[in-house]
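Visitor: Structure of the sequence below:
(one chain, ligands or ions: 1)
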Amino acid sequence: MPIIQLRNVSKAFPPRSKGEAPLVAIDDVSLDIEPGDIYGIIGYSGAGKSTLVRLINALEQPTSGSVTVKDVEISALRERDLRSVRAGIGMVFQQFNLFSSKTVWGNVEYPLQVAGIPKSEHQRRISDLLNFVGLAEHAHAYPDQLSGGQKQRVGIARALATSPSILLADEATSALDPETTREVLALLKRVNEEFGVTIVVITHEMEVIRSIAHKVAVMEQGRIVERGAVFDVFSNPQAVATQKFVSTIITSVPEADALAVLRTRHPGRIVTFSFANGNTSQASVFLELSRASVAFELVYGGINEVQGQTFGHLTLALNGDNEAITAALQRIGSIVTVTEVD
Ligand SMILES: Nc1ncnc2c1ncn2[C@@H]1O[C@H](COP(=O)(O)OP(=O)(O)OP(=O)(O)O)[C@@H](O)[C@H]1O
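Guide: Prediction:
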């Protein structure tokens, strides 16, 4: 049973000026997120990602369709009943949204106060959380005395204060440098693994998806244009938007200009071998070429690792007897996809 379920959800905002059509931010989206998942939602600016998050934590009501969280159809609830639903959902933001006048301790304590958790329980809970995020020594510091990565760790501790089973991370690492991004993503992964918290990660960066997500949905103009297990989507992207995102971090086949340069250097046959199923070893391809006495040089591409499985495209310049090359390529064609570049 999904922990978050969207059924044919649309959200339209009133037009900015009279006579214009309403702005459809979410257009007939259905989505199932299973408990314990890290589910990535990727899209360019304006695709509707933040609106989707706001529908999940009931900060927006859908224009049509239903949103169900932990078996409760929240799109049917009244405002006063939504408070307990929201308390079960933690939020982490791009700009951290910490109280600058409160210490680290005070920021983590705030949601406990709002939720009416007895003061006697605060000490233990806050110190456990600060230990978990590695900030115990900074408990009495104020946010402007902390680095961006430390601020986000406070944001994560605060989001976990009321022990939510769902965490929504909206561009949580977009304001951070690459090294700090890795640290914060590693922390989110621990939150998922150690506490079993279901995490929805909103991002425009494919690297974030590759690092931590199990599943991904690609959004464009308010719709989900592709979804699936991260490995499947990365290794065989179907939608144009997905292909663009994947190409930001994965070198695939050479485009026309790269190919023109390769051609000037390698007059012989140039062939791309595509490894897509995660298990095929490169060794078997190279062995076939060696057996046929074909000399080869790797000229483009690479092998990538996603979710512990490998895939990629290797483009090789081949030299040797033309018929032997053809025969070797035929045999290799039964192991991987072979594309001759002309
Ligand atoms: N409260 C609102 N009133 C009117 N239009 C809105 C409102 N919230 C969002 N929109 C519009 O809905 C569309 C989707 O916005 P949304 O913020 O969900 O996209 P996004 O993918 O999160 O983009 P970004 O990364 O830039 O925040 C945009 O065209 C935006 O202008």
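
Visitor: Could you pull out the helices in the protein for me?
Guide: Counting by DSSP state H, the chain has helices at residues 49-56, 79-87, 104-114, 122-132, 148-160, 178-195, 206-212, 230-235, 240-247, 256-265, 282-291, 322-332.

Visitor: would you turn those into TSV with mean pLDDT?
Guide: Output for the helices of the chain, formatted as TSV (pLDDT from 0 to 100):
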stretch	mean pLDDT
helix 49-56	95
helix 79-87	84
helix 104-114	95
helix 122-132	97
helix 148-160	96
helix 178-195	96
helix 206-212	93
helix 230-235	91
helix 240-247	90
helix 256-265	87
helix 282-291	91
helix 322-332	93
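
Visitor: Do I have it right that residue 252 meets residue 301?
Guide: Yes - taking contacts as Cβ atoms under 8 Å, residue 252 lies within contact range of residue 301: 6.8 Å. Backbone N, C-alpha and C define where each C-beta goes, glycine included.

Visitor: Leaving out the residues flanking it, which one is nearest to the residue nearest to the spatial centre of the chain?
Guide: Centroid check for the chain by Cα atoms, centre = their mean gives residue 209 as the closest residue, at 2.5 Å. Excluding its sequence neighbours, the residue lying closest to residue 209 (Cβ to Cβ, 6 or more residues apart in numbering) is residue 40, at 4.1 Å.

Visitor: now residue 145
Guide: residue 138 (7.8 Å).

Visitor: gap between the one you found and the ligand?
Guide: 30 Å (Cβ to the nearest ligand atom, to the nearest Å).

Visitor: ok, the residue of the stretch 151-300 of the chain found nearest the ligand - contacts?
Guide: In the stretch 151-300 of the chain, the residue that lies nearest the ligand is residue 204 (6.2 Å; Cβ to the nearest ligand atom). Neighbouring residues of residue 204 by Cβ atoms under 8 Å, 6 or more residues apart in numbering: 42, 43, 44, 45, 49, 171, 174.

Visitor: just to revisit the earlier point, intersection of neighbour lists for residue 252 and residue 301?
Guide: 312, 313.

Visitor: Determine the number of other residues adjacent to residue 80.
Guide: Residue 80 has 7 neighbouring residues, counting by other Cβ atoms under 10 Å.

Visitor: Spatially nearest residue to the closest residue to the ligand within the stretch 51-200 of the chain, not counting backbone neighbours?
Guide: Residue nearest to the ligand within the stretch 51-200 of the chain (Cβ to the nearest ligand atom): residue 51, separated by 3.4 Å. The shortest distance from residue 51 to any residue other than its chain neighbours is 4.2 Å, reached at residue 25 (Cβ to Cβ, 6+ apart).

Visitor: mind giving me the domain split of this protein?
Guide: The record's domain parsing of the chain by automatic domain parsing lists 4-88+164-247, 256-341.

Visitor: Do me a favour and get the end-to-end distance for the longest one?
Guide: Yep, that's domain 4-88+164-247 we're talking about. 30 Å (Cα to Cα, to the nearest Å).

Visitor: Quick one: residues contacting residue 200.
Guide: For residue 200, the contacting residues are 4, 33, 39, 41, 53, 56, 166, 167, 168, 169, by Cβ under 8 Å, 6+ apart.

Visitor: One more pass at 6 Å, please.
Guide: Listed by Cβ atoms under 6 Å, 6 or more residues apart in numbering, the contact set of residue 200 reads 39, 168.

Visitor: What about the residue nearest to residue 102 when sequence neighbours are not counted, how many residues nearby?
Guide: Leaving out its chain neighbours, the residue that sits closest to residue 102 by Cβ to Cβ, 6+ apart is residue 110, at 6.8 Å. If you count neighbours by other Cβ under 10 Å, residue 110 ends up with 15.

Visitor: and residue 103, how many residues sit next to it?
Guide: Neighbours of residue 103 under the rule other Cβ under 10 Å: 17.

Visitor: Show me what the residue lying closest to residue 65 once chain neighbours are set aside is bridged to.
Guide: Leaving out its chain neighbours, the residue that sits closest to residue 65 by Cβ to Cβ, 6+ apart is residue 9, at 3.6 Å. Using DSSP bridges, the beta-bridge partners of residue 9 come out as residue 29.

Visitor: how many other residues sit next to residue 9?
Guide: 24.

Visitor: Also residue 313?
Guide: Neighbour tally, residue 313, other Cβ under 10 Å: 22.

Visitor: coming back round to it: could I get the helices of the chain as CSV with distance to residue 65?
Guide: Output for the helices of the chain, formatted as CSV (distance: least, Cβ to Cβ, whole Å):
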stretch, distance to residue 65
helix 49-56, 9
helix 79-87, 17
helix 104-114, 29
helix 122-132, 35
helix 148-160, 27
helix 178-195, 27
helix 206-212, 25
helix 230-235, 24
helix 240-247, 22
helix 256-265, 43
helix 282-291, 46
helix 322-332, 48
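
Visitor: Tell me which of the ones you listed lies nearest to residue 276.
Guide: Nearest to residue 276 among the helices of the chain is helix 230-235 (5.1 Å), distances taken as Cβ to Cβ.

Visitor: Mind listing residues that contact that closest one?
Guide: Here helix 230-235 makes contact (Cβ under 6 Å, 6+ apart) with 213, 216, 246, 276, 306, 307, 309, 311.
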